[in-house]
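Q: model this:
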Amino acid sequence: MGIYFALRALGFGEYLGGKRAKPWAVPRNVLYSRLLALNSDDLPYEVKPDERGRCDLVLEWKLADAKWYWVFSKNRFSRWYKLYMLLDDSRKSVRYLEETGSITWRVGSEGLVPVVSASYGRSFFRGRILFAREYSTVYGLKEDLRPGKVYSYRFDPSEPLRRIRRVVEEAGWELVPVTVMRHVSKS
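A: The predicted structure follows:
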């Protein structure tokens, strides 16, 4: 039983699409253009071609990228969400993989005691995000040493996914979540 779950976690036997595609599905290049057309200045994320060439498109959402000062420390926080997409023309499916992560670091004190210390933390997840909602606001001294809001974000990964699903399904294609990077890679 353990071997079965290990193989499933590695993506073996994972559904890659092709059962729900419509016979009238639009060509790959038309869908590609429609997904790129989702970009808007009103949205906090962007759909763009993958610069590394691993997959076809990447939705990138930079939730926070801030630097600030606290009592005796300097802090930095970065938080992101990415959605990798591969347009499989033979199955008429768009396979996608989600990734989220954050990096934090602090140089300075431990609380109010001015002791020289440094800390670094990183979190990372790649796969399928089933349920997630985050809200965060941080106040402190900005880099110009004025007090105020350092960063604020609202994160709900279902929001961009709903837009993508609508475009993909209107094109007659199937949107398929996968759990391993190799299923959204071109090679």
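
Q: so what's Ser102 up against?
A: Ser102 makes contact with Phe77, Ser78, Arg79, Trp80, Gly121, Arg122, Ser123 under the criterion C-beta atoms under 8 Å, 6 or more residues apart in numbering. All C-beta spots, glycine's among them, are computed from the backbone N, C-alpha and C.

Q: Just the pLDDT at the fifth one, thanks.
A: Pointing back at Gly121 there. Per-residue pLDDT puts Gly121 at 70.

Q: what two of the contacts of Ser102 have the greatest distance between them?
A: For the contacts of Ser102, with distances taken as C-beta to C-beta, the pair at the greatest spread is Trp80 and Gly121 (14.7 Å).

Q: tell me the mean pLDDT over stretch 134-142?
A: For stretch 134-142, mean pLDDT rounds to 78.

Q: rewinding a little: and the contacts of Ser102, which are buried?
A: Buried by 16 or more other C-beta atoms under 10 Å: Phe77, Ser78, Arg79, Trp80, out of the contacts of Ser102.

Q: So which of those sit within strands?
A: Judged by DSSP state E, those include Phe77, Ser78, Arg79, Trp80 as members of strands.

Q: how much distance is there from the strand ranked longest in the chain to the middle of the chain?
A: Longest strand in the chain by number of residues (criterion: DSSP E): strand 93-110. Its chain's C-alpha centre and that of strand 93-110 lie 9 Å apart, by C-alpha atoms, centre = their mean, to the nearest Å.

Q: Report the mean per-residue pLDDT for that strand.
A: Regarding strand 93-110, the rounded mean pLDDT is 84.

Q: Put the alpha carbons of it into CSV.
A: Extracted in CSV, the C-alpha atoms of strand 93-110 (Å, rounded to 0.1, in the frame of the first residue of the first chain):
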residue,chain,number,x,y,z
SER,A,93,-5.7,19.8,-22.4
VAL,A,94,-4.0,22.5,-20.4
ARG,A,95,-2.1,20.9,-17.6
TYR,A,96,-1.2,23.1,-14.7
LEU,A,97,1.0,22.9,-11.6
GLU,A,98,0.9,25.4,-8.7
GLU,A,99,3.8,26.7,-6.7
THR,A,100,3.9,29.1,-3.8
GLY,A,101,6.7,30.2,-1.5
SER,A,102,8.2,32.8,0.7
ILE,A,103,11.6,34.1,1.9
THR,A,104,12.1,36.0,5.1
TRP,A,105,15.3,37.4,6.6
ARG,A,106,16.1,39.6,9.6
VAL,A,107,19.4,41.1,10.7
GLY,A,108,19.5,42.8,14.1
SER,A,109,17.9,42.1,17.5
GLU,A,110,16.0,39.5,19.3
